[in-house]
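> I'd like to go over a predicted model; first the sequence, then the structure.
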Amino acid sequence: MEAPHKVDITAEITPNPNTLKFNVNQTLLESGSIDFPNTQKAQGSLLASALFEIESVIGVFIGTNFITVTKAPAANWNNLVTPVTEKIRALLDSGETLFSKDAPVSHESTAGGDPEIEKKIRAILDNEIRPAVAMDGGDITFYGYENGVVTLHLQGSCSSCPSSIMTLKMGVENRLKSLIPEIKEVVQVQ
C-alpha cells in the first residue's frame, strides 16, 4: 500500500499586510481562481467555509495551488497562521471534495472590442502579468477593451492591497501601453 501524500503548506507574505498566501503542494483548481469575499459567497466551497469559521478571517481566495487568506485589520497573524494552516491541512488530508460543481470559478471574460488587440492583451496578461500577480497571492482577469481602455479585475490579495492602484497603473498599464500603442488607460472593475 502506498504511503499517503503529505500535504506541505508554506505561508508567504504578500504586499497586503492583511493577507497571507498559503502555498500547497497539491492542485486545488485545474485553472482559474475563485474569490470568496465573505461567508455568504463561500457556500459552494467546503474549504472557504471552513476557513471563515476561524475568527477574524474576512476573505478567502483560491488559486490553482494556493489559498490567500485575508484577516480583519485588528487581528494578528501570530494568532491566525497556525489555525489556518491546520484547517487547510485537515481538509486536504481528508480527501473530501473542496468545491461544489457549481462553484464560481473565475475565467477570462469575453468582450466585444477589437479581437486582435484583445488577443494581444490576453497573451501579455497570461504570460507576464498573471504569473507575477499570482506570486503575491492574487489574480487579474480581463473584462474588456474598448476605445483604448482596458478593463481588468484584481482579486485575492491584490483586490484590497494598499498598492493595488500602483500595481494597476504603474505596472500593468505601463506594460500594456509599451507593447500595444492603442491602449490609453487601464481601469479596474469592482
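In hand now; what should we look at? Given the structure is predicted, the values throughout are model-derived calculations rather than measurements. Residues are numbered from 1 along each chain as shown.

> by mean pLDDT, flag the weakest helix or strand of this protein.
helix 164-166 (a mean of 69; mean pLDDT, DSSP states H and E).

> now the element after that helix, going C-ward?
Downstream of helix 164-166, the first helix or strand assigned by DSSP states H and E is helix 174-179.

> for the chain, which spans come out with low pLDDT?
Counting by pLDDT under 70, the chain shows low-confidence ranges at 1-5, 101-113, 157-165, 190.

> in the protein, which spans are strands?
Applying DSSP state E to the chain gives strands spanning 9-13, 19-24, 34-36, 57-62, 66-71, 138-146, 149-156, 185-188.

> list the buried residues for the shortest one?
To tie it back to what came earlier, the one meant is strand 34-36. Along strand 34-36, these residues count as buried under the neighbour rule (16 or more other C-beta atoms under 10 Å): 34-36. All C-beta atoms are positioned from the backbone trio N, CA, C, and that covers glycine.

> could those residues go into CSV alongside distance to Thr167?
Shown next, in CSV, are these (distance: C-beta to C-beta, whole Å):
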residue, distance to Thr167
Ile34, 21
Asp35, 17
Phe36, 21
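
> show me how far the longest helix anywhere in the chain is from its chain's centre.
Taking DSSP state H as the criterion, the chain has its longest helix at helix 77-94. Relative to its chain's centre, helix 77-94 lies at 18 Å (C-alpha atoms, centre = their mean, to the nearest Å).

> for it, list every residue counted as buried.
So for helix 77-94, counting by 16+ other C-beta under 10 Å, buried means 77, 80-81, 84-85, 87-89, 91-92.

> so how far is Asp136 from the closest residue to Glu173 other than its chain neighbours?
Among residues not flanking Glu173 along the chain, Val186 sits closest, at 3.9 Å (C-beta to C-beta, 6 or more residues apart in numbering). Distance of Val186 to Asp136, given as C-beta to C-beta, to the nearest Å: 18 Å.

> quick one: contacts for Pro181?
For Pro181, the contact set (C-beta atoms under 8 Å, 6 or more residues apart in numbering) is empty.

> quote the end-to-end distance of stretch 26-41.
End-to-end span of stretch 26-41 (C-alpha to C-alpha, to the nearest Å): 23 Å.

> chain center to it, what's the gap?
Centroid displacement of stretch 26-41 relative to its chain, using C-alpha atoms, centre = their mean, is 8 Å.

> use 6 as the first number from now on
Understood, numbering begins at 6; the last thing we discussed is stretch 31-46.

> quick check: buried residues in that stretch?
33-34, 38-41, 44, 46.

> quickly check these for the two that are furthest apart.
Spatial extent of the buried residues of stretch 31-46 (C-beta to C-beta) is set by the pair Leu34 and Thr44 at 20.3 Å.
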